[in-house]
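1. no FASTA, just this:
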């Protein structure tokens, strides 16, 4: 769990943080909530045990829904370089999104998503830059609690499916639902041939951006995620 700030009234939700946790550190309260849901799971020990396995999956659910609707590739660079699968999910205004599930070097990444959309809409890059450079919100954006709960539930299902060894429908795709119609629709995300992630097969073996140390693309270093259905993974909690 990577989160900052204190729990606010807007963080309280059924099945989530309670009103009693308002004012506490958000990450501490969230970890305690996970422990309540899975009391039999031991804490992760990678900080004290160097031999402990790395993360099997990172779920990216930013408080600013724009970070899920139009993921910024920069925060994912380390995951891409290390071959760590990651799943995007979130809510922006009345739209909820789940996916893509990125298997580094095997499925389209956040850069592929943005490159494809920018090619179809040349003005999109400018619009995103304006959105991201805007003043930081002092109040979290409004979010429909039923929609947020629905998105969280679907994201959890996709994450558990992957961790159990299956390949969920969010792998290389994104599921989107918008109020008030509440009709789910999926969008297949095609690996971009100019993206250095290697998912398209064009750039396999090339160095990753900024990689002056001779590192290869995740497709070359993490081939286990680049083809077929992944093997079962250890679930993580806390």
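-> Thanks, I have the structure now. Since we're looking at a predicted model, the values are computed, not measured. Numbering: from 1, shown residues only.

2. Give me the helices and strands touching the host helix or strand of residue 153, please.
-> Element membership for residue 153 (DSSP states H and E) is helix 145-163. In this structure, helix 145-163 packs against strand 86-92, strand 95-102, strand 173-178, with contacts taken as 3 or more Cβ pairs under 8 Å, 6 or more residues apart in numbering; DSSP states H and E. For glycine as for every other residue, the C-beta is placed from the backbone atoms N, C-alpha and C.

3. how many other residues sit next to residue 105?
-> 27 (other Cβ atoms under 10 Å).

4. I meant residue 188, not that one.
-> A count of nearby residues for residue 188, using other Cβ under 10 Å, gives 10.

5. do the same with the one 3 residues further on
-> Look at residue 191: counted by other Cβ under 10 Å, it has 24 neighbours.

6. so what's it up against?
-> 107, 108, 109, 112, 172, 197, 199, 200, 201 (Cβ atoms under 8 Å, 6 or more residues apart in numbering).

7. do you know how far it is from residue 102?
-> Remark: distance between residue 191 and residue 102 (Cβ to Cβ, to the nearest Å) = 10 Å.

8. so what sits against both of the two?
-> In terms of Cβ under 8 Å, 6+ apart, residue 191 and residue 102 are both contacted by the residues 108, 109.

9. picking that back up, arrange the contacts of residue 191 in TSV, one row each, with pLDDT as further columns.
-> Output for these, formatted as TSV (pLDDT from 0 to 100):
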residue	pLDDT
107	96
108	96
109	96
112	95
172	92
197	93
199	94
200	89
201	84
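
10. Of those, which is the most crowded?
-> Going by other Cβ under 10 Å, residue 109 tops the contacts of residue 191 with 31 neighbours.

11. surely that residue meets residue 196?
-> No - the criterion here is Cβ atoms under 8 Å, and residue 109 misses it with residue 196 at 9.5 Å.

12. Report the helix or strand with the lowest average pLDDT across this protein.
-> Using mean pLDDT, DSSP states H and E, helix 218-221 stands out as the lowest-scoring helix or strand of the chain, at a mean of 40.

13. which non-adjacent residue is nearest residue 157?
-> Nearest in space to residue 157, with sequence neighbours left out and distances taken as Cβ to Cβ, 6 or more residues apart in numbering, is residue 168 at 7.5 Å.

14. Pop out the phi and psi values for the one you found.
-> Main-chain torsions, residue 168, degrees, to the nearest 10: phi -70, psi 170.

15. give me the number of residues near it?
-> Per other Cβ under 10 Å, the neighbour tally for residue 168 reads 21.

16. Alright, calling it a day.
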